[in-house]
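K.L.:
what shape does this take:
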Amino acid sequence: MREGEIPIRICPRCGEEYQWVERLKTPHNTYLYFVHYDPATGKRRKCYGGPVSAYSYVTLLHGDLGLVLRGLAERGRLKEYIVALLETLEERLESDHESVREEALELLDMLRRRVDELSRLRTQRSLPATREERERERRPITV
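P.N.:
All right, here's what the predicted structure looks like:
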């Protein structure tokens, strides 16, 4: 982006450009709304973006999975969710209860198959290398 350019802001809810963000404060949280404004009609439309921090009540309901559920504006939430779920899976693999371990093993096998499928798709589509792969390619080969 060039200096002085206004960045295009894409709404995480509907995928359309939004003009500004409004905050609604309540006694327990602050919630975000992405505002779409049409200057031709003067109409505004708002998309709910979730809380600024985390969904307190819903997070309590998913505590057994190690998840802290966040609003749409929270960057990095996908990675955070995956890491939390993997940590929960690891704990369940070490459980004293056989049924819990068996379910965790089934999930692990399903994840392994899915990751393999995604890796094949990535190769077939020639998707760009990750930063880690690019760094690995740049490292000198030691003999």
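K.L.:
where does the protein have low pLDDT?
P.N.:
1-7, 127-128, 134, 136-143 (pLDDT under 70).
K.L.:
which residues of it fall in strands?
P.N.:
20-25, 30-38, 43-51 (DSSP state E).
K.L.:
so Cys11 sits against Tyr33, correct?
P.N.:
No. In this structure Cys11 lies outside contact range of Tyr33 using CB atoms under 8 Å: 10.0 Å. Bear in mind the C-beta positions are built from the backbone N, C-alpha and C, glycine included.
K.L.:
tell me where this structure has helices.
P.N.:
In the chain, the helices defined using DSSP state H lie at 56-61, 77-93, 98-124, 131-138.
K.L.:
got CSV for the ones you listed, with mean neighbour count and distance to Val21 too?
P.N.:
CSV is the format used below for these (neighbours: other CB atoms under 10 Å; distance: least, CB to CB, whole Å):
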stretch, mean neighbour count, distance to Val21
helix 56-61, 12, 21
helix 77-93, 14, 17
helix 98-124, 11, 33
helix 131-138, 9, 29
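K.L.:
no more questions from me, cheers.
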